[in-house]
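A.B. asks: one predicted model, sequence on top.
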Amino acid sequence: MTKYLFIISSFVSVGVYGQETSNIQKDTAVKILSEVTVSASRTKESLLRSPVSIQKAGEQYFRMSAAPSFYDALEHLQGVQLITPSLGFKVLNARGFANTTNVRFAQLVDGMDVASPHIGGPIANALGPSDLDVTNVEILPGVASALYGMNTVNGLANISTKNPFTSEGLSIQQKTALTHLGDANSAVKAYTETSIRWAKVISPKLAFKINGTFNQGYDWVANDHRELNGQANASTGLLGKDNPAQDPLSSYGNESSDRRTISLGGRNYVVARTGYDEKDVVDYDLRNIKADAGIYYQLKPGMTLTYLYHMALLDNVYQRANRFRLEDYLVQQHGLQFQSNSVQLKVYLNRENTGNSYNLRSMAENIDRNYKPDNQWYAEYTTAFNAATNAGATIADAHRQGRVAADAGRPLPGTEAFSNSLTRLAQINNWDIGAALKVKASFIHAEGQLDLTQDLLSSLKEKAGLQILVGADHRTYVIEPDGNYFINPKAGKEYTNIHYAKTGGFVSVTKTLLNGDLKLGAILRGDKNDYFDLMLTPRFTAVYSPVNTQHFRASYQSGYRYPSIFEAYSNVNSGGVKRVGGLPAMSQGIFENAWLASSITSFQQAVLNDVNTAGLTQNQAIERIKDC
């Protein structure tokens with residue numbers, strides 16, 4: 001069981017930035033000095049005079065990279081980490097703790113968050129552009145909460161795509177590679193990616209673009225058999241292959257929820273069900289079909305209305321606490337944007353449908369239990385063990401014979417019975433008896449910002465060197481309870497939609513001094529999330545530029561994170577662990593009476609040791625140890 005509240009972090013940075021201008025480097029220097037960024041302050045400004053650290057990569061950088069895609073190439077930017085739990089599921093991070101679902105780092109495409117609603121983060125670049133349509137990527141390493149709100153504690157990436165008014169035409173790209181060369185777990189496999197982009201200017205005011213990408217490959221095979229439960233029967237001397245409670249890493253159906261302590265021949269033994277290797281219960285084929293379209297209408301120069309649509313249909317492997325096969329997983333985004341020199345408005349809807357996805361651990365567990373319930377399996381194991389020891393077999397051999405007898409009738413990988421069982425369980429949306437991941441979720445996000453000193457208070461900018469920017473945003477998540485993964489915590493409304501919302505806003509003030517050489521900035525943001533009090537997050541910055549090629553920067557900012565909807569509302573059997581969302585509505589009365597898994601394991605081992613080496617009964621051992 002896990003409990004989540006918001007997380008607050010602060011970051012202070014001081015930097016000195018310069019650029020030599022020798023004849024050899026002059027062209028490069030001019031280019032770097034003229035680079036413009038929009039992500040650091042939400043307005044256009046010089047990259048080197050940005051108030052916070054920012055990494056920017058453009059088309060030239062991506063063309064010169066040996067990485068297979070622009071997304072992979074981001075890993076080589078300073079301070080950027082790319083976590084790779086599977087070939088088709090890569091996760092960006094910049095600073096701070098991260099895991100295979102990095103809800104602390106936001107990923108935007110043209111300023112719109114492409115997170116999958118229930119996962120809480122993006123599925124790699126599934127809703128992002130192809131190499132043909134990306135123009136640049138700006139990454140803010142570290143806290144960005146003051147401007148961008150929740151879940152940017154570790155940083156933010158803003159991917160910008162090409163405008164059809166300035167990038168017209170037809171482009172096609174084909175990539176082909178070989179993977180699994182010299183891999184003992186797989187034959188050599190082909191990896192291919194085909195992309196097409198078509199952009200057309202219809203009139204001076206109207207243009208559109210269409211992108212499509214199809215890629216397929218074969219994921220890495222999880223075949224790590226390191227033992228996770230090697231000491232379970234140490235008190236009886238059964239170690240290594242003699243241990244009847246083996247739990248290899250890349251194997252499921254033999255975890256703590258699939259083990260029992262049984263009394264055999266006057267001693268207690270921990271015995272696990274046999275389980276299946278991951279490669280037996282998952283299809284490692286990777287497929288991703290993604291497409292996007294945009295319609296751009298210029299109301300007048302500097303004022304554009306844009307509709308953008310992104311979709312992805314993918315088959316993939318996803319890793320959280322458990323591993324999942326994402327099958328026919330559909331994610332979509334509809335977005336409408338208005339942009340002018342002083343006003344930016346966005347509203348977008350992200351939707352996901354997990355399709356025919358399933359949990360690998362639950363699949364292995366329930367294939368075992370489907371052909372023979374636990375009580376029957378352990379009864380047959382005990383009978384066969386006793387018969388073997390009565391016939392003179394060693395304890396280790398008796399355990400092996402007990403397993404052979406109990407596994408009689410067990411579906412074997414590659415057989416029709418196994419395939420039929422896997423197909424059926426993948427549609428049962430109850431992890432106590434099946435394995436399906438049936439989630440439908442969405443969020444709608446609206447935001448706007450206004451540069452008050454661009455038009456309304458332009459005299460302040462001209463006379464006082466002030467720039468005042470204000471912004472506000474709102475996001476509402478909508479989860480359709482499925483009775484397994486999500487259940488509405490309100491009594492009597494278990495199957496009505498769950499709504500989870502957040503509203504925030506900010507004020508940003510920038511002041512230039514010393515004839516523009518010194519730029520001071522201050523931002524204050526406030527956010528109110530359901531179940532949490534109002535949170536304030538400030539940012540203070542200073543940039544001193546005595547000459548065009550030398551810049552001194554200092555900044556202070558703090559950030560926060562609210563729980564994702566999985567962290568807030570989940571309610572699932574996750575294989576020996578009941579995962580319960582951290583909101584009081586979900587967890588009240590649970591965590592107050594909970595124990596750490598490590599303490600439970602230690603307690604069980606101590607009881608076993610007393611029974612098997614000190615001659616105590618199980619109840620005597622429990623009484624002796626429970627208050628220790």
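C.D. replies: Alright, I've got the coordinates.
A.B. asks: and the gap between the closest residue to residue 408 other than its chain neighbours and residue 209?
C.D. replies: The shortest distance from residue 408 to any non-neighbouring residue, by C-beta to C-beta, 6 or more residues apart in numbering, is to residue 380 (7.6 Å). Placement of C-beta: from N, CA and C, glycine included. Per C-beta to C-beta, to the nearest Å, residue 380 is found 64 Å from residue 209.
A.B. asks: the more surrounded of the two?
C.D. replies: Neighbour count, other C-beta atoms under 10 Å: between residue 380 and residue 209, residue 209 has more, with 24 against 17.
A.B. asks: can you tell me the element the more buried one falls in?
C.D. replies: Under the criterion of DSSP states H and E, residue 209 resides in strand 206-218.
A.B. asks: packing partners of that strand?
C.D. replies: strand 169-179, strand 189-201, strand 285-300 (3 or more C-beta pairs under 8 Å, 6 or more residues apart in numbering; DSSP states H and E).
A.B. asks: quick check: buried residues in that strand?
C.D. replies: 207-213, 215-218 (16 or more other C-beta atoms under 10 Å).
A.B. asks: low-confidence ranges, the chain, go.
C.D. replies: 1-34, 574-577, 591-592, 627-628 (pLDDT under 70).
A.B. asks: what's the domain layout of it?
C.D. replies: 7-215+286-357+438-561, 239-282+360-436, 595-628 (automatic domain parsing).
A.B. asks: wait, which of those domains is closest to residue 584?
C.D. replies: Nearest to residue 584 among the domains of the chain is domain 7-215+286-357+438-561 (7.0 Å), distances taken as C-beta to C-beta.
A.B. asks: on that earlier part again, mind putting the domains of the chain into CSV with distance to residue 223?
C.D. replies: CSV is the format used below for the domains of the chain (distance: least, C-beta to C-beta, whole Å):
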stretch, distance to residue 223
domain 7-215+286-357+438-561, 5
domain 239-282+360-436, 6
domain 595-628, 26
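A.B. asks: all strands for the stretch 401-550 of the chain, in order.
C.D. replies: Ranges of strands in the stretch 401-550 of the chain, per DSSP state E, counting those that start in this stretch, are 440-451, 466-480, 498-513, 518-529, 535-547, 550-561.
A.B. asks: need these in TSV (columns: distance to residue 224 and mean neighbour count).
C.D. replies: Shown next, in TSV, are the strands of the stretch 401-550 of the chain (distance: least, C-beta to C-beta, whole Å; neighbours: other C-beta atoms under 10 Å):
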stretch	distance to residue 224	mean neighbour count
strand 440-451	32	20
strand 466-480	34	19
strand 498-513	37	18
strand 518-529	39	19
strand 535-547	41	18
strand 550-561	31	20
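A.B. asks: kindly export stretch 293-313 (C-alpha atoms) in CSV.
C.D. replies: This file holds the C-alpha atoms of stretch 293-313, laid out as CSV (Å, rounded to 0.1, in the frame of the first residue of the first chain):
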residue,chain,number,x,y,z
ALA,A,293,-3.5,17.2,-38.2
GLY,A,294,-3.6,20.9,-37.8
ILE,A,295,-5.7,23.7,-39.4
TYR,A,296,-4.2,27.2,-39.1
TYR,A,297,-6.2,30.3,-39.7
GLN,A,298,-4.6,33.8,-39.6
LEU,A,299,-7.2,36.2,-38.5
LYS,A,300,-4.7,39.0,-39.2
PRO,A,301,-0.9,39.3,-39.0
GLY,A,302,0.3,38.1,-35.6
MET,A,303,-3.1,36.6,-34.7
THR,A,304,-3.7,32.9,-35.4
LEU,A,305,-6.5,30.5,-34.6
THR,A,306,-5.4,26.8,-34.7
TYR,A,307,-7.1,23.4,-34.3
LEU,A,308,-4.8,20.5,-33.6
TYR,A,309,-5.6,16.8,-33.3
HIS,A,310,-3.3,14.0,-32.2
MET,A,311,-3.9,10.3,-31.9
ALA,A,312,-1.9,7.1,-31.3
LEU,A,313,-2.9,3.5,-31.4
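A.B. asks: so which bits of the host helix or strand of residue 600 are buried?
C.D. replies: For residue 600, the element it lies in under DSSP H and E is helix 597-613. For helix 597-613, the neighbour count (16+ other C-beta under 10 Å) marks 603-612 as buried.
A.B. asks: of these, closest to residue 467?
C.D. replies: Nearest member of the buried residues of helix 597-613 to residue 467, counting by C-beta to C-beta, is residue 603, at 61.5 Å.
A.B. asks: residue contacts, the closest one?
C.D. replies: Taking C-beta atoms under 8 Å, 6 or more residues apart in numbering, we find residue 603 in contact with 625-626.
A.B. asks: for this structure, which segments count as helices?
C.D. replies: 26-33, 59-64, 70-73, 145-148, 278-281, 360-371, 374-390, 395-406, 416-425, 458-464, 565-569, 584-587, 597-613, 618-625 (DSSP state H).
A.B. asks: select, out of these, the one closest to residue 500.
C.D. replies: Smallest distance to residue 500 across these (C-beta to C-beta): 5.7 Å, for helix 565-569.
A.B. asks: the closest one: how far from the chain's middle?
C.D. replies: Relative to its chain's centre, helix 565-569 lies at 13 Å (C-alpha atoms, centre = their mean, to the nearest Å).
A.B. asks: helices or strands next to that helix in the packing?
C.D. replies: strand 466-480, strand 498-513.
A.B. asks: now for residue 566, how many residues are close by?
C.D. replies: As a measure of burial, residue 566 has 23 neighbours, counting by other C-beta under 10 Å.
A.B. asks: typo on my end, it should be residue 424
C.D. replies: By the measure other C-beta under 10 Å, the count of residues near residue 424 is 14.
A.B. asks: how far away is it from residue 376?
C.D. replies: Taken as C-beta to C-beta, the span from residue 424 to residue 376 is 20 Å.
A.B. asks: that older thread, and the buried residues of helix 597-613 as TSV, adding distance to residue 621?
C.D. replies: As requested, the buried residues of helix 597-613 are exported to TSV (distance: C-beta to C-beta, whole Å):
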residue	distance to residue 621
603	10
604	10
605	11
606	7
607	4
608	8
609	8
610	4
611	5
612	10
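A.B. asks: surely residue 211 and residue 291 touch.
C.D. replies: Yes - at 6.4 Å, residue 211 counts as touching residue 291 under the criterion of C-beta atoms under 8 Å.
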